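>>> Okay, predicted coordinates and the sequence, questions at the end:
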Amino acid sequence: MKRWIMTLGLLASASLMAADGAALYQKCLSCHGANAEKKALGKSEVIANWSVEKNVAALKGYKDGTYGGPMKALMKGQVANYSDQEIQAVSEYITGLKN
């Protein structure tokens, strides 16, 4: 019984700590649009139809400085504090947006 309660507690904690892609995307929508339909500041690609994998690769690349064009420095600052879990969550959210 005690083991079951501990397991339940761990699962509850993990779900509370799970990244919220919609909340993470809030700082993106002013440049990328509510549905990721805009070219950010007229310089980026529209990210609305990107796959989760492409979004993850781009965001991780921005974070470590290996990806990006004219918006590289701006985007690096935007994702610098994102964990891998948060990058995954926001990427899944973006891919799920409807245009």
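Arrived safely, thanks for sending. As the structure is a prediction and not an experimental result, all values here were calculated from the model.
>>> Quick check: which element contains the most centrally placed residue in the chain?
Geometric centre of the chain, nearest residue: Val90, 2.5 Å, by Cα atoms, centre = their mean. With elements taken from DSSP states H and E, the one containing Val90 is helix 84-96.
>>> For that helix, could you pull out the residues that count as buried?
Within helix 84-96, the residues scored as buried using 16 or more other Cβ atoms under 10 Å are Glu86, Ile87, Gln88, Ala89, Val90, Ser91, Tyr93, Ile94, Thr95. For glycine as for every other residue, the C-beta is placed from the backbone atoms N, C-alpha and C.
>>> Show the pLDDT at the last one.
Read it as Thr95. What the model reports for Thr95 is a pLDDT of 96.
>>> cool, the fifth one as well?
Val90 is assigned a predicted lDDT (pLDDT) of 97.
>>> three-state assignment of the residue nearest to it when sequence neighbours are not counted?
Distances taken as Cβ to Cβ, 6 or more residues apart in numbering put Leu24 closest to Val90, at 4.2 Å, once the chain neighbours are dropped. Here Leu24 is recorded as helix under DSSP: H, G, I helix; E, B strand; the rest coil.
>>> just the helices in the chain please.
Using DSSP state H, the helices of the chain run over residues 2-17, 21-25, 29-32, 52-64, 72-79, 84-96.
>>> and Lys38, what is it in contact with?
Cys31, His32, Val46 (Cβ atoms under 8 Å, 6 or more residues apart in numbering).
>>> Leu41 is in contact with Cys31, isn't it?
Yes - when contacts are counted by Cβ atoms under 8 Å, Leu41 is listed as touching Cys31 (5.9 Å).
>>> Since that was my last question, I'll sign off now.
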